[in-house]
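Q: Generate coordinates for the sequence data below:
(chains A and B)
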Amino acid sequence: MMEHYPAFIVIVPFLFAFVVSGVAWIKKELCFPLTLVGLGLSAWFSVCLLRQVATTGVLKYRMGGWETPWGIGYHVDYLNGLVVTVVTVLAFINLIATRKNVTEETPEKEGAFYSLYLLFIVGLTGILLTGDLFNLYVLLEVASLTSYALIGMGSGRAPMSSLNYLFVGTVGGCFYLLGVGYLYIMTGSLNMADVATLLPKLYNSNAIVMAFIFCMVGASIKMAFFPLHMWLPNAYGFAPTAAGSLIAPLMTKVMVYVLIRLILTVFSVDFAFVVMKMGDPMVWMSSLAIVAGAVFALSQKNLKRMFCYIIVSEIGYMMGGAWLGNNAGMTGAILHILNDAIMTLCLFLCAGSIYYRTHGLELDRLKGLFLKMPVTMACFVASALSIIGVPPTCGFFSKWYLISGGLQAGQYGFVAALLFSSLVNVVLFFRVIEISYYGDFETHHGHGSSPAVVMESPASMLVPLLIVSIGLVVVGLYTCSIVNHLIAPILMQHGF
Amino acid sequence: METILSIKPLIAVLVSICVVPLLVLSKKVNVREGWTFAAAIVKLLLVLSMLPVILKGNQIVYTLAEVVPGVAIRFRVDALGMLFACVAASLWIITSAYSIGYMRGLDEHSQTRYFVFFALALSATIGVAFSANLLTLYLFYEMLSLATYPLVTHHQDKEARTSGRKYLTYILGTSIGLVLPAMMVCYHLTGTLEFASQGFLAGACNRGLAAVLLVFFIFGFAKAGIMPFHGWLPAAMVAPTPVSALLHAVAVVKVGVFSIVRIITGVFGTELLSEFNLGVVICTIASVTIIVASLIALSQDNLKRMLAFSTIGQLSYIILGVGLLSPKGITGGMLHIAMHAFGKITLFFCAGAIFVATGKRNISEMVGIGRRMPWTMGAFFVGSLSIIGLPPTGGFLSKWYLVLGTLEANQMTFLFVLLSSSLLNAAYFMPVVYRAFFPPPEKAMFENKIQEAPLFCVGPPVITAFISVALFFYPEPFFRLASMAVRFIGGN
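A: Residues are numbered from 1 along each chain as shown, chains lettered A, B, ... in the order given. As a prediction, the model looks like this:
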C-alpha cells in the first residue's frame, strides 16, 4: 500500500474528477463533498509520502512495474516531496474556503468546475512527481488546459484573457516540447536520471545547448517570468475567485520547481553555470523582473490585479535565487516556493472574502473595511507583512536567504532589487490598508463612538483564511528545520 | 557572572499580547480597563522579579527558536536591557491610568482598539529591551512600528492620515532600506548577530565598511529621531496625548536610541570604534541634532510640537554620551534613558491635562493657566527642570555624567554643545512656566470656572514629577544598572 502513494496522489483526484462530472448530472449537491474527499485523500497521501521521504531519502516508483528508462518512473525526493505536499494541502484549504464563491459565481457549472479543479491538481502533482521528461510535458498540458478552462469560466473579459493565456501558454509548452525533443534525439532517453548520466559527454553539442535554452524559455513563459508575463495579470485577474486563488499561488510555483529540477537533476549545475554561464544574465533579468513587477503593481487600481503583478515580482525572487549559483540563493528560491505559495494563497483568499461581500475589488471600494470585516483584514495585514518581509512571517526568512545569497555571490544589483521591492510593497500594501482603515472623511468624525456595521464573511471562509495566516508565522519560525531537513540534503546531493 | 536559563523574559514580553483577546472580548469598559491594569502589573512584577538576579551580575537567557543557522529568536536580560525594561514597564501602569482619564474625558472612539495596540506596543518594547541578538531586536522593532500606526492615526481624519503616512515612510523606509541590508552584511561577514560585550564585528571589517555600516544603523533606527530622519516625530503628535507621552517620549523613541546603543556597544564594541576613531562621527551627528532641534523648539507655539522637538534633542544626548566611548559618558547616556523618560512623560501628561481641561494646544493661549491648574503646571515646572538638567531632579545626574564623559574623553566641543543646549532648553521651557504663573490676573485668559482636569489626568503627572525629584536623591537602581552595563562593556 505504502509504496503506491506516489501514484495515488495523482490517480485518486483523476478518478474523482470523472466521478464528479458524472454525479453532477444526477445530484449537484454531491459534487463538493466528492471533490473534498478526492483532494483530501490526495493531500493525505502527500503528507504521508513527505514523512516517508524525510526518513528514507529517495523513493522510486515504476508505473505498471515497467523498468526505467523504458517505462515511466516517479521519482520522489525531498524537493518534490515538499512541493507536492504544499500544492495538495493548499489546494485543499482553498477548496473549502472558496466554496461559497463557487456557488455564487458559477452556479450552474459546479460539476464542471470541480472536476476541472481536480484535473488541475492531477496535472500539478504529476508534474511534480514524475521522473520522465515527456510525461512532464503531458501533465503540464493537463494542468494548462484545465487552467484555461477554469479561467474561462469567469465573467466579463475572462474568456478573452483565457484565450490569450491559451495562445501564449501553448507557445510555452511547444518550446519545452522542442527542448525535450532535442534531448531525445541526442540521448535517446526521456528519463531524467538517465538523461543526466548521458549528458556530460554531450556538453559541447549545440543541440544540447538549444535544448537547454528551449526548455528554459518554455518554463519561463509558463511561470510568467518578466518580460514573458503579459498573459498573467489578465488571466489571473479575471478568473473566477476560486480558480484564481487556486491557480495563482500554485501554477507559477510549480513551474519554478520544474526549472530548478531541470537545472539540478537533468542538465546539472555544472552545465547551467559553468558551461552555459547563464548565472549572471539570468540574475540581472530577475532583478529587472522584481523591479518591473513592483512598479507595475503600483499603477494598479484593482486589488487582484495588484496581486498579479506582485506574483510577477515574486517570480523574479525565485528565479534570481535559483540562478545565483550558491547554496544560500538556491535555498532561498526553494524556500520561497513554499512561502510564496502560502502568502499568495492568503492574499487571494482575502480578496475572495472581500469580493464575497463587496462584489468589487477596485481600491476605492475598500473604504472602511477594517470596521466591516475585521478578521479578513487582519489576515490581509498578516499576508501583507509576509510579502513585505517583516519577521517572524515566512516571507522574511526566504528574503533573508535570497539576500544572503546575493551578498555571497556579489550580486549587489539583485540585493538592491529585493530591498527596492520590499519598500514598494510597503507602499502598495499600506495604500490598501490606509484606504480600508479610514472611512469616508465626510461622514466620519473622530470623536464619540461610531457603531460598527460588521458584515464579516461566513466562517467557512474565515477559518481556512485564519489557518493560512497562522501558517505564515509558523512556517517562518520553523524555517531552520525546513532548511536543515529538507532543502539542505537535496542541495548537497547536487553539489552545492 | 552566571547565565541563568529562564522563561521569564518570554512571559514578560508575551503577557501583554496574551491579554489582547480578553480586551477585545470584554463587554464592559471597566472590565477591559481592569485587564489592561492586570497585564501592566503582571508585566512590571515579572520585570522586577528579574531585577535582583541582574543586580547580582547575572544574565537571564531564553531561546525561543533557531530560525536561521547561527541566529535564533533569543532573549537575554542584561543590565542595560533591564534598565530600559524597568522604565517602560513602570511607566505603562501610570500611562494606563492616564489613558483612561484622557480617553473617557474626551469620549474618544474605538477605545478597545486603542488599548489593544497599546498593549502590543508594550510587548514589542520589552521585546526590544530583552533581545539577545540583532534579528530579535529587528523583529520587535518592526512589530513596534506596526503596532503604533493605529495609535498615531487614532483620530482617523485627514490630518491623521497624512501623519500616519509620514510616520510609516520614515520608520519602515529606514528600517527596511538601511537596517536590513546593514544587518545582512553583518551576518554575511561574521555568521552571527549575537550581541557581545565588545561587539562581534572586530576583525571582520575595515574602517570604511565599519563607517558605512555605522551610518546605516544610526540613521536606520529612525525612531531615535536623528536628523534628517526626525520628521515623523512632530507629525506623530496628532496622536492622542497618552500615546505621545508613552510612545513618543518613552517607548518608541527610546527603542530607537536603545537600538543604537546596542549597535554601538554590542555589535561594533567600543574598542573597535575607538580604534577606527568613529566615536567622533557618532557624536558629531548627535550634536547637530541636539543644537538644531533645540533651536527649532524655540520657535514652536504648539506645546506638543515643542515637546517633540525637545525630545529629538534630548534623544541625541544619549547617543552623544555613548558615542563618547568613555565609561562616564556611557553611564550618563544610559542614565539619561531613564531620567529623560520620567521628565518628558510628565511634560506630555501636563500638555494632555491642559487640553482635556481647556481644549488649548498653543503656548500663547496659556497665559495665567497656572492659577487655574496649579498641580498640573507645578508638575510641568518640575518636568522642565529635569529636562534642562537642574537639581533637584534626576535630569541633573544624567547630564552631570554626560559632562564628565566629555571631560574624560577630552572632547571640549561636545562639552560646549551640551552646555549650550541646556541654555536653549531653559530658553524654551521657562517662558511657558512664566506665562502660566506670573502674568497679572487681568491678563489671564481663563475664567474661574476652569478647573483641574479629572483625577486620572492630574494624578499621573504629579506622580511622575515626584519620581523625577526622587530619582535625584535616590538614583538606584538605575544608576547601578547603568554602571553595571558599563563594567560589562569594560569586560568584567
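Q: Near chain A, which residues of the stretch 101-250 of chain B are found?
A: Proximity of the stretch 101-250 of chain B to chain A, by CB under 8 Å from any CB of the partner chain, involves residues B:106-110, B:135, B:138-139, B:142-143, B:146, B:150, B:153-158, B:160-161, B:164-165, B:168, B:172-173, B:176-177, B:180-181, B:184-185, B:187-188. Any C-beta I mention is one placed from the backbone N, CA and C, and that applies to glycine too.
Q: Type out the ChimeraX command that picks the buried ones from those.
A: Provided next is the ChimeraX selection string for whichever of these are buried by 16 or more other CB atoms under 10 Å in any protein chain shown:
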select /B:106,108,109,110,135,138,139,142,143,146,150,153,154,155,156,157,160,161,164,165,168,172,173,176,177,180,181,184,185,187,188
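Q: Keep only those of the residues of the stretch 101-250 of chain B next to chain A that are in helices.
A: Within these, residues falling in helices by DSSP state H are B:135, B:138-139, B:142-143, B:146, B:150, B:158, B:160-161, B:164-165, B:168, B:172-173, B:180-181, B:184-185, B:187-188.
Q: In chain B, spot the helix with the most residues.
A: The residue-count maximum for a helix in chain B (DSSP H) belongs to helix B:327-358.
Q: so how far is it from its chain's centroid?
A: Relative to the chain's own centre, helix B:327-358 is displaced by 8 Å; criterion: CA atoms, centre = their mean, to the nearest Å.
Q: give the contact list for the spatially closest residue to B:L172 that is not a sequence neighbour.
A: What sits nearest to B:L172 in space, not counting adjacent residues and going by CB to CB, 6 or more residues apart in numbering or on different chains, is A:V426, at 5.1 Å. For A:V426, the contacting residues are A:I388, B:L168, B:L172, B:G173, B:I176, by CB atoms under 8 Å, 6 or more residues apart in numbering or on different chains.
Q: hmm, 7 Å instead?
A: Taking CB atoms under 7 Å, 6 or more residues apart in numbering or on different chains, we find A:V426 in contact with A:I388, B:L172, B:I176.
Q: got the residue ranges for the helices in the stretch 201-350 of chain A?
A: Using DSSP state H, counting those that start in this stretch, the helices of the stretch 201-350 of chain A run over residues A:206-223, A:231-238, A:241-261, A:268-269, A:279-298, A:303-323, A:327-358.
Q: Would you convert these into JSON lines that also reports distance to chain B?
A: Converted to JSON lines, those look like this (distance: least, CB to the nearest CB, whole Å):
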{"stretch": "helix A:206-223", "distance to chain B": "26"}
{"stretch": "helix A:231-238", "distance to chain B": "26"}
{"stretch": "helix A:241-261", "distance to chain B": "21"}
{"stretch": "helix A:268-269", "distance to chain B": "22"}
{"stretch": "helix A:279-298", "distance to chain B": "13"}
{"stretch": "helix A:303-323", "distance to chain B": "14"}
{"stretch": "helix A:327-358", "distance to chain B": "9"}
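Q: could I get these as TSV with mean pLDDT?
A: Formatted as TSV, those follow (pLDDT from 0 to 100):
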stretch	mean pLDDT
helix A:206-223	90
helix A:231-238	88
helix A:241-261	91
helix A:268-269	82
helix A:279-298	92
helix A:303-323	92
helix A:327-358	91
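Q: Format those helices as TSV; extra columns: mean neighbour count.
A: Shown next, in TSV, are the helices of the stretch 201-350 of chain A (neighbours: other CB atoms under 10 Å in any protein chain shown):
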stretch	mean neighbour count
helix A:206-223	21
helix A:231-238	25
helix A:241-261	26
helix A:268-269	18
helix A:279-298	21
helix A:303-323	27
helix A:327-358	26
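Q: wait, which of those is closest to B:L404?
A: Smallest distance to B:L404 across the helices of the stretch 201-350 of chain A (CB to CB): 47.2 Å, for helix A:327-358.
Q: Determine the set of other helices and strands touching that closest one.
A: Contacts defined by 3 or more CB pairs under 7 Å, 6 or more residues apart in numbering or on different chains; DSSP states H and E place helix A:327-358 against helix A:78-97, helix A:99-105, helix A:241-261, helix A:303-323, helix A:374-388, helix A:394-409, helix A:459-477, helix A:488-493.
Q: Looking at those helices, spot the one closest to B:F229.
A: Each of the helices and strands packed on helix A:327-358 has some distance to B:F229 by CB to CB; the shortest is helix A:374-388, at 19.5 Å.
Q: returning to what we had before: closest one to B:P477 among the helices of the stretch 201-350 of chain A?
A: Proximity to B:P477 (CB to CB) singles out helix A:327-358 among those, at 44.2 Å.
Q: got a list of what B:M237 touches?
A: Going by CB under 7 Å, 6+ apart, B:M237 touches B:S244, B:K304, B:R305, B:A308.
Q: Include secondary structure and neighbour count when you put those into a markdown table, please.
A: Shown next, in a markdown table, are those (DSSP: H, G, I helix; E, B strand; the rest coil; neighbours: other CB atoms under 10 Å in any protein chain shown):
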| residue | secondary structure | neighbour count |
| --- | --- | --- |
| B:S244 | helix | 27 |
| B:K304 | helix | 23 |
| B:R305 | helix | 20 |
| B:A308 | helix | 27 |
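Q: Relative to B:A224, which of the residues you listed is nearest.
A: Checking the contacts of B:M237 against B:A224 with CB to CB, the nearest one is B:A308 at 13.6 Å.
Q: Report the spatially nearest residue to the closest one, omitting neighbours in sequence.
A: Nearest non-adjacent residue to B:A308, counting by CB to CB, 6+ apart: B:P234, 4.4 Å away.
Q: Show me what the helix or strand encompassing the one you found is packed against.
A: Using DSSP states H and E, B:P234 sits within helix B:232-235. With contacts defined as 3+ CB pairs under 7 Å, 6+ apart, helix B:232-235 has these neighbours: helix B:158-174, helix B:303-323.
Q: isn't the residue nearest to B:A308 right up against B:L307?
A: No. Contact criterion CB atoms under 7 Å: B:P234 and B:L307 do not qualify, at 9.5 Å.
Q: between the two, who's got more neighbours?
A: Under the criterion of other CB atoms under 10 Å in any protein chain shown, the comparison of B:P234 against B:L307 puts B:L307 first, with 29 against 25.
Q: my guess is that one contacts B:G352, does it?
A: No. The criterion here is CB under 7 Å, and B:L307 misses it with B:G352 at 10.6 Å.
Q: B:S364: neighbour count?
A: Based on other CB under 10 Å, the number of other residues close to B:S364 is 12.
Q: contacting residues for it?
A: B:D301.
Q: And it, how close does it get to A:V312?
A: 55 Å (CB to CB, to the nearest Å).
Q: quick one, phi/psi of the closest residue to chain A within the stretch 151-300 of chain B?
A: Nearest residue of the stretch 151-300 of chain B to chain A (CB to the nearest CB) works out as B:H155 at 3.8 Å. When read as degrees, to the nearest 10, the backbone of B:H155 gives phi -70, psi -20.
Q: Please apply the same query to A:M153.
A: Per degrees, to the nearest 10, the backbone of A:M153 is at phi -70, psi -10.
Q: Assess the claim that it and A:K109 are in contact.
A: Yes. Between A:M153 and A:K109 there is a contact at 6.3 Å, judged by CB under 7 Å.
Q: These two: which is more packed in?
A: The neighbour count for A:M153 versus A:K109, taken as other CB under 10 Å, is higher for A:M153 (20 against 15).
Q: pLDDT score assigned to the more buried one?
A: Looking at A:M153, its pLDDT reads 88.
Q: So whatever residue of the stretch 251-400 of chain B ends up closest to chain A versus A:W323, what's the distance?
A: Proximity of the stretch 251-400 of chain B to chain A (CB to the nearest CB) peaks at B:G359, 12.2 Å away. The gap separating B:G359 from A:W323 is 62 Å, by CB to CB.
Q: residues touching A:M186, list them.
A: When contacts are counted by CB under 7 Å, 6+ apart, A:M186 touches A:L202, A:S205, A:A207, A:I208.
Q: Just to be sure, it is in a helix?
A: Yes. Counting by DSSP: H, G, I helix; E, B strand; the rest coil, A:M186 falls inside a helix.
Q: Got the confidence number for it?
A: pLDDT for A:M186: 89.
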